[in-house]
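Engineer: After the sequence you'll find the predicted model.
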There are 2 protein chains.
Amino acid sequence: MPTAVELEEILRGADLRVTRPRMAVLAALHAHPHADTGSIVTAAREDLGRVSTQAVYDVLQALTERGLVRRIEPSGSVARYETRVGDNHHHVVCRSCGAIADVACAVGPAPCLEASESHGFEIDEAEVVYWGRCPDCQIAGGLAATTA
Amino acid sequence: MPTAVELEEILRGADLRVTRPRMAVLAALHAHPHADTGSIVTAAREDLGRVSTQAVYDVLQALTERGLVRRIEPSGSVARYETRVGDNHHHVVCRSCGAIADVACAVGPAPCLEASESHGFEIDEAEVVYWGRCPDCQIAGGLAATTA
DNA sequence: CCTATTTCTGGAATCAATCAAGTTTAAATT
DNA sequence: AATTTAAACTTGATTGATTCCAGAAATAGG
């Protein structure tokens, strides 16, 4: 959980101006990994009093462009963001409640990066999403939540 | 490319009533792998004269539920559908134009299915998306199309 | 042929995301 | 410290995929 000063350094290090919305969004992302845009807007407003939805979208895009955050969008879910970048990890997504957890790379250094037939594509990334059920939903029983 | 009779058998085999919209959608999917909903609607209309958008959505959902088609939604793209199901293959997506191609499973029978730390999740599927550039876009040069 | 259930139509509503024009502000400059 | 300027933020409207709803139509079984 970075301090305000650290967040500021992170922004400056990426050649981004230090503004209140950016600080708030970055803090919210560190506090809530895998948060969707709506949650981030809410968190930022609790922090700042008020911010426009547009500002949050702009900030998220700027942060993503500079590689400070990573945008993930599992099927059936809206866009989510996380601050853990650069370590090539993957995600497990719960089919019932949509919960997301991080998973380290499965096998060795660059797993799955060898597509058997690449069709001439120049591949630069292999994205892996594991689908299943989180511990809570396993307990909850067979019925899937409507928010799947 | 299945015949009309074969399509009919496919539908009946899945306990689905045989209707004109369903035949048209299924045919469109076989003709255009990885088509998005809009294209499917268009193709179905060329075939039938007219169909409601809603009907196509309903059909796609019904077909997906019965496992006749598979819904895929790469980040930044709208939902797409394919008829190739049950063989656990993956996809390569072009970052520039969004083109999609099929890729057979990378390593052995159930590759990447071993998440190193599953966080208690009960995993039933590993979805892999390879990102890169298709042959056409490599030729086209460095500039990415806006339809990425 | 008739009935019941499923499917399709038409139109409206929802919601994430984007666009546009104008105002404010961070940070470099004098 | 005042000035400048490009980047960032605000408000308000718009897009576009997807879904909801109520009623009409059509399929499949009796």
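Structural biologist: Structure received. Everything quoted here is computed from the prediction, not taken from an experiment. Residues are numbered from 1 along each chain as shown, chains lettered A, B, ... in the order given.
Engineer: which helices and strands does the longest strand along chain A pack with?
Structural biologist: Longest strand in chain A by number of residues (criterion: DSSP state E): strand A:122-133. Counting contacts by 3 or more Cβ pairs under 8 Å, 6 or more residues apart in numbering or on different chains; DSSP states H and E, strand A:122-133 is packed against strand A:90-94, strand B:122-133. In short, each C-beta sits where N, CA and C put it, glycine included.
Engineer: least reliable of those going by mean pLDDT?
Structural biologist: Averaged per stretch, pLDDT over the helices and strands packed on strand A:122-133 is lowest on strand B:122-133, reaching a mean of 89.
Engineer: Pull out the buried residues from that strand.
Structural biologist: Of the residues in strand B:122-133, those with enough neighbours to count as buried (16 or more other Cβ atoms under 10 Å in any protein chain shown) are B:123, B:126-133.
Engineer: which residues of chain A fall in helices?
Structural biologist: Along chain A, the stretches classed as helices by DSSP state H are A:4-13, A:20-31, A:37-48, A:53-65, A:135-140.
Engineer: among those, which gets the worst mean confidence?
Structural biologist: For the helices of chain A, the bottom mean pLDDT is recorded on helix A:135-140, which sits at a mean of 89.
Engineer: So what touches that one?
Structural biologist: Outside of helix A:135-140, the residues within contact range by Cβ atoms under 8 Å, 6 or more residues apart in numbering or on different chains are A:94-97, A:99, A:144-145, B:119-122.
Engineer: May I ask you to confirm that A:Ala101 is in contact with A:Gly132?
Structural biologist: No - between A:Ala101 and A:Gly132 no contact is recorded; they are 10.1 Å apart, counting by Cβ atoms under 8 Å.
Engineer: Find residues that contact each of these two.
Structural biologist: Contact criterion Cβ under 8 Å, 6+ apart; residues shared by A:Ala101 and A:Gly132: A:92, B:121.
Engineer: re earlier: could you export the helices and strands packed on strand A:122-133 as TSV, including distance to A:Arg70?
Structural biologist: Written out in TSV, the entries for the helices and strands packed on strand A:122-133 read as follows (distance: least, Cβ to Cβ, whole Å):
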stretch	distance to A:Arg70
strand A:90-94	10
strand B:122-133	13
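Engineer: of all those strands, which lies closest to DNA strand C?
Structural biologist: Set against DNA strand C and scored by Cβ to the nearest atom of the strand, the helices and strands packed on strand A:122-133 come closest in strand A:90-94, at 15.5 Å.
Engineer: by how many degrees do that closest one and strand B:122-133 diverge?
Structural biologist: Strand A:90-94 runs at 130 degrees relative to strand B:122-133, counting by axes from the mean of the first three to the mean of the last three Cα atoms, to 10 degrees.
Engineer: From DNA strand C, how far out is A:Thr53?
Structural biologist: The span separating A:Thr53 from DNA strand C equals 6 Å under the rule Cβ to the nearest atom of the strand, to the nearest Å.
Engineer: list the contacts for that residue?
Structural biologist: In this structure, A:Thr53 makes contact with A:Val41, judged by Cβ under 8 Å, 6+ apart.
Engineer: Kindly provide the distance from the closest residue to A:Leu60 other than its chain neighbours to DNA strand C.
Structural biologist: Across the structure, with Cβ to Cβ, 6 or more residues apart in numbering or on different chains as the measure, the residue nearest A:Leu60 apart from its sequence neighbours is A:Tyr81 (6.1 Å). Separation of A:Tyr81 from DNA strand C (Cβ to the nearest atom of the strand) stands at 10 Å.
Engineer: residues near A:Arg12, how many?
Structural biologist: By the measure other Cβ atoms under 10 Å in any protein chain shown, the count of residues near A:Arg12 is 11.
Engineer: same deal with the one 3 residues further on?
Structural biologist: By the measure other Cβ under 10 Å, the count of residues near A:Asp15 is 7.
Engineer: All good on my end, thank you.
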